[in-house]
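Asks: Quick one, structure for this:
(2 chains)
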Amino acid sequence: MIGLPEERTSLLIGDPQVISVHQTMPLVAHDNPDELGQLPKVYLVSADVTKLNSDQLRAATRIACKEKGAMGGSREHQTSRSYRFPFALFAVHSDSVGIDIEFVDPYDPVFAESICTPAEWSKSQTRPETSLEVADVWSSKEALAKALGDAVKYDPRRLPSLALTPDSATGAWHTARIDVPFGYTGWVVWKHENA
Amino acid sequence: MDTLSDLDGHLASDTVPNGTLIEVLHATVERFKERPAIEGVNELISYGELWNRARDVADELRSIGVGPGERVGVRVASGTTELYIAILGVLMSGAAYVPVDVDDPESRATQVFGEGDVCAILEGSVSVNTSRMEMGLSLRNIRDARATHADLSPIDDAWIIFTSGSTGVPKGVAASHRSAVAFIAGEAALWSVGEDDRVLAGLSVGFDASCEEMWLAWANGACLVPAPRNIVRSGVDLGPWLASHKITVVSTVPTLAAMWADDALSGVRLMIFGGEACPEQLGWRIAAERDVWNTYGPTEATVVSTAGRILPDEPITIGWPLEGWECAVIDENGEPVPVGEEGELVIAGVGLARYLRSDLDEEKYAPLPSLGWERAYRSGDMVRETPSGFAFAGRTDDQVKIGGRRIELGEIEGVLTSCSGVAAAAVVVQKTKGGNSMLIGYVTGDVDIDEIRRDISERLPASLVPLLCHLPELPLKSSGKADKAALPWPLPSVAGDDADWDPIQRWVADQIADQLGPVPMTPESDFFEIGGTSVTAAKLVSVLRQKYPSVAVADVYHYPKIADLADRVEELAGPAEERRKIPVRHAKRWAAIRTFGILLLLLFTVPQWVVIVLAYNEGFGGEDGYGPGFVENALGPAVSGTWVWAWISITVLWVLIANAPLRSMVYLLVRRLMMRNVKPGRYPKHGWMSAKIWFLQKLVVTLNVNQIAGTPWTNRLARWSGAKVADDARLVELPPITGLMTVGSKATIEEEVDTTGWVIDGEELVIAEYIIGAGARVGTRALLMPGCNIGEGAEILPGSVVDREIPAGELWGGSPIASLGAAGETWPEEDPEREAATMPGKFMYVVGLVLLSLLPLLAALPGLFLLIKLNQPDQMHPAGLFLYWLVWAIPISLLWIVMYNLLIAATLRICMRLIKPGFHSDYGGAAWAYWFTRQVMVEAHMFLRSIFSSIYTASWLRLLGLKVGKGTEVSITSGLNSYVSFEDGSFVADDVLFATVRHNRGWMHVQGISVGSRTFLGNSVIVKGGTELGDDSLVGVLSSAPQKPPDGSSWLGMPPLELPRVRENVDVSRTMDPPTRLKVGRSIVDGIRILLPEVISVMLATLVIFAADSIADSTGSTWWMVVALPFILLGVGLLSLVVMVILKWVLMFRYRPGGHPLWSFFCWRDEIINVTGEVVAGLWMFRYALGTPIMPWYFRAMGSKVGKNLWCDMINATEFDVITLGDNVNLNAGSCLETHLFHDRVMKIGPTYIGDGATLGPNCAVLPDTVVGEGCRIGGRSVVMRGETLPPNTSWQGAPVVSA
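Replies: Now for the predicted structure:
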């Protein structure tokens, strides 16, 4: 169900509660993935199989994220975390990175419009029209805002969704969908200077 | 009643060789060993593996003595293969399994396992080894196992499933293998499932309907595919999940299926409904494409008792009993009713299970003598027999179903009444506005609702915990039972106790409840603690905005408490409600008065013109001239005689008339006459005060009083104009014309700080008072707004908008302004050595001022010489004369431009030598040099506007001593000096400020700025000293540049926030790297562009001189000329506008929205119009005409749509055709209708709409594709982002704007 696990690791947080951490893959839609440089490492934490409550999930994810961030071998590694009980995502990257996981809520046109830039809303190709598209737009914007720094400062009506741009990128910022359990959507945004 | 042998005979046919579930499974495993059996969330296993692993579990169970007649609990995470292995393992061991859902509370598990008397419990576990996580099962022993016999037989129990019971204790129902196998066989007779099918497992194994899912797959070799619990819970998302998981067989409740789109079900070929009544429309719709069956059955009669096929357009019933089941409809007396009449459904036959509790069993499975049945289950469901099957007609008791789950309200009421303090309780199902069924528990008594909630959530599964409502008493029926219909609905408040809430809090809480569901709330509840997430925050805001349009997502984060959020929402709404509607009065009259004021303003320029005309007359007038006589009369006999003397006297006259101190004195005099005892406050926009303010502000510009700012006489001038300024304060900007400013000792106001002191807001003029504490620093280009009060020693960063009280000693910056820490940390602690302004020092400033007024004149000398040397044809037709001047105006302008440039370059290069990076005293030579170079550059901006943003700009800047890379584009900017450097291909838009120098407490600090390759600086960006902008960076409109941003980053706002950038796909040859053809083309166009405004100006000047000269000639009196000059200047000013209008329509015709690369003819033509407009119309008319009715007429003539009574105090508009301005719009000084953007060297034009009565604050920018609603107020130095729509009557501030 959880696709393409490159590596499965586990982490013991106290006993007997055990949390599962999978490395999952950004699903890159790009003609020439080499141009994207080193992809961020993305991990899915699941409290669904084990019996963690949402606070325990957060705590566990924080620890796991710290551990994986440190495993990069360099202090330069940046991390980002996102929670949507019973799942959490975190990403580790050599440059700015932001990640977000959202539950796919039923379609709400008022909400959809309120998170689109006027340009996104005005074009039929970019206007989100299903629950999943709205969740994708929101999640990709959240991920971008996190990658840029303080997520709260950015108004979704002003922040373009990289998921709607050609090549899923603008300038040095790239995005990719993350393979998350069905019913959820997840996006990672990372920075990579094109040569 | 069927016998076992009958059943066996039937089952023996093909699918099931014998009478236990294990035999059913074994037969399947034999046939489909390699086929997938379960595709769990964690792994996929085949039938062979399933069998082996279940056997392992069974072996382990047997090893501890488990066998037939025993019971084993199962509590494993849903969706995992281990769950199913555990169930089958128990069955294989011969015992019955007792399932409890993992999500159910611990107390329920304890109760069920206790009631079920299990000997052991199988639980999920996760084991860890080095690299893999292993899901596993662990066995927990409860007591010694006691198998009653050795071999499993069909009469042994297969499962014990607990239903909720009205007694408050769940009732265990045991079903035998025989019943289970009969049920499988009975369904197999109705429909077929094959090895290629994929069966959804969506239900908790705690419900018996899960048995249907499991055995639909396992009896037929199909694959069981469990859906993640959260997907099932959401309902709507299960639809797409079915499609993506290629599910072909689904057993579900109709409610859930109703949420799925048709295409989600396209792969489903068999749909089995059960659990609740199926609406006809839904059943027919789904049945159109596939096999659909409607089933009915209580747990007490083994999963399904009756089933009927749903066919489009045929009545939906629950069909007929499965093979082996028997059903009858009876009345209250246990007698069968006639066919077609309603009665209770009773069930008998092979499927009958039994209650664990014998008393209950006897009661519910009592014999039915009327039909001769020894055991019959009374279902409590009302049905009637129809030709197509039994039709469901409701319940006999208060059992209800929510989401397919049968709930006995009595059970929940029982739990509620057992809570401490509860006197009585009633539980009902209510429908929400959104159409969802909800359990509501009404309680009375002296109780704490929160405590009860905690209590019952320990004792009930989450889905059975009702929303609680406390009532003083329950409404009762005459029978003494609770009158459930009379219970309040919707609840008086989901938010708890009424007394705590004010109306806005209540409203906000209601919106939150809509998003989060009716969670318990108090005004002190934190949105994120009661379940809010980033998405629900955004959704909440989208709802709040419908009533309070300016709420931002960030507000929810900053004010998570409901009470605080309500206050915030109220605050945002406040001004819109409070702001009284001020009628527009006397607009026409005062507009006319201001127009007349233009003539008065022009009168102040007359002396200079007189000198010029005299000079002309001196040169050309000859004997018939009045000139020499005038000069001689004025200056006496000493200068009579030679023309050399005349020229000297004219120069002296020029210096005397045009010098800054004199101009300042004139201004002070007029100010003293007009401004007395001004008080801060609000005045009518169309009134005497605003007329005076307008006139004085224009007079400051006309007399260029600002030239005195920064000299040692500034403070004196400030005091004379009414301000309270300490001797050792440092002002580089003059105080407001109102004089309402207090500047403390050693305070610093840097250059370009907006100290205007008044602003037009709606129909009012707002006059503000500023207080700047001792030792405070106001950074360059800061905007002081009404209410500004800067504490002692505070520091304001460049570009900030100060609209509040700033605490002493703090560092503040940004727009909107925010605290950034302690002030003064980047400055030396000690004071600089300061000798009070010495005489030689003062003398240098005098020299500077004289040089400043002489520079343009010096530059004009060669031209004048040429002019004098020209032999003007004596008798010429006026038209011929005009042509003659037109031809000569070109070389004269060219000469002047070249000369002026050289002079400026020389001045700058010499003076910059005096300024070294680092700290200097504000009173030394470096400070003087900086002041002088800056003044020279300000003059250059005025006279050489057209040289900026041309192909020649880079060369010119290099001449001034700057390091400028190839292909760099620089528009008009301030603060340029040799400490600013540009790499190749950078782009600097209009009005960028390079603040290489800053001042504080007597210190002056100089630090260089470098701009990387291909880096873009948007309009009005502020770049602070020490900034190193990398390559390929972008800084957006009205932003401050980050100090050392990484290459390739984009920034917007103040302080800057990093942004992603969308690069346009454009032809590079037309943006960065143009071919020679385009370069040559642009050189020519730009050449024309630089010359054109100067040529027009020279011609207009000539026209003035001719006109004045001819009046003086014809009247023979200089005085008539003086009287006529204002009218001549007004006429020529209007003529300059006519020229602009003609130029615009001829060159561009109409502007339309769209994009144009930098290296295109379009952009060049556009720039010609912009520059010519700014230089020609700016110099000849706008200096005087801003704020008069001339402006709206000019806008209309240029192609804009403009309503009545426009107050326009700015000229920052270019693509006029895409501008729409409503009635009574106010465009304050320096505001900008930025109808184009130049990101990535592509000019993008978009429309701008400003609604009736809207106000744009000083220096704010409105980007393209924007709608500013009626009555909107945009604060000073704010940016309305591209594409934004601001709702009517809202206030906005900041870059980018947020609600104010």
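Asks: following the helix or strand bottoming out on mean pLDDT in chain B, which helix or strand comes up?
Replies: Lowest on mean pLDDT, DSSP states H and E among the helices and strands of chain B sits helix B:4-11, with a mean of 37. Using DSSP states H and E, the next helix or strand after helix B:4-11 towards the C-terminus is helix B:21-31.
Asks: So which bits of that next one are buried?
Replies: B:21-29 (16 or more other C-beta atoms under 10 Å in any protein chain shown). For glycine as for every other residue, the C-beta is placed from the backbone atoms N, C-alpha and C.
Asks: Would you map out the domains in chain B?
Replies: In terms of domains, chain B is parsed into B:4-386, B:399-486, B:498-578, B:677-826, B:839-856+B:890-1052, B:1189-1300 (source: automatic domain parsing).
Asks: Compare the mean pLDDT across those and name the weakest.
Replies: Out of the domains of chain B, domain B:399-486 stands lowest, with a mean of 72 (criterion: mean pLDDT).
Asks: quick one on the thing from earlier: tabulate the buried residues of helix B:21-31 (JSON lines), appending distance to chain A.
Replies: Formatted as JSON lines, the buried residues of helix B:21-31 follow (distance: C-beta to the nearest C-beta, whole Å):
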{"residue": "B:Leu21", "distance to chain A": "27"}
{"residue": "B:Ile22", "distance to chain A": "28"}
{"residue": "B:Glu23", "distance to chain A": "31"}
{"residue": "B:Val24", "distance to chain A": "27"}
{"residue": "B:Leu25", "distance to chain A": "24"}
{"residue": "B:His26", "distance to chain A": "28"}
{"residue": "B:Ala27", "distance to chain A": "29"}
{"residue": "B:Thr28", "distance to chain A": "23"}
{"residue": "B:Val29", "distance to chain A": "24"}
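Asks: Next, format those as JSON lines and append distance to B:Leu914.
Replies: Output for these, formatted as JSON lines (distance: C-beta to C-beta, whole Å):
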{"residue": "B:Leu21", "distance to B:Leu914": "100"}
{"residue": "B:Ile22", "distance to B:Leu914": "101"}
{"residue": "B:Glu23", "distance to B:Leu914": "105"}
{"residue": "B:Val24", "distance to B:Leu914": "101"}
{"residue": "B:Leu25", "distance to B:Leu914": "98"}
{"residue": "B:His26", "distance to B:Leu914": "102"}
{"residue": "B:Ala27", "distance to B:Leu914": "103"}
{"residue": "B:Thr28", "distance to B:Leu914": "97"}
{"residue": "B:Val29", "distance to B:Leu914": "97"}
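Asks: on that earlier part again, so which of the domains of chain B comes closest to A:Ala119?
Replies: domain B:1189-1300 (5.8 Å; C-beta to C-beta).
Asks: Is the closest one in proximity to chain A?
Replies: Yes - judged by C-beta under 8 Å from any C-beta of the partner chain, domain B:1189-1300 comes into contact with chain A at B:1265, B:1281-1285, B:1296, B:1298.
Asks: Closest one of these to chain A?
Replies: Of all the residues of domain B:1189-1300 next to chain A, chain A sits closest to B:Gly1283, with 3.3 Å by C-beta to the nearest C-beta.
Asks: Show the contacting residues for the closest one.
Replies: By C-beta atoms under 8 Å, 6 or more residues apart in numbering or on different chains, the contact list for B:Gly1283 reads A:117-119, B:1246, B:1263-1266.
Asks: want to try a markdown table for those, with distance to B:Leu784 as columns?
Replies: Formatted as a markdown table, those follow (distance: C-beta to C-beta, whole Å):
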| residue | distance to B:Leu784 |
| --- | --- |
| A:Thr117 | 33 |
| A:Pro118 | 33 |
| A:Ala119 | 35 |
| B:Gly1246 | 32 |
| B:Leu1263 | 24 |
| B:Pro1264 | 29 |
| B:Asp1265 | 31 |
| B:Thr1266 | 26 |
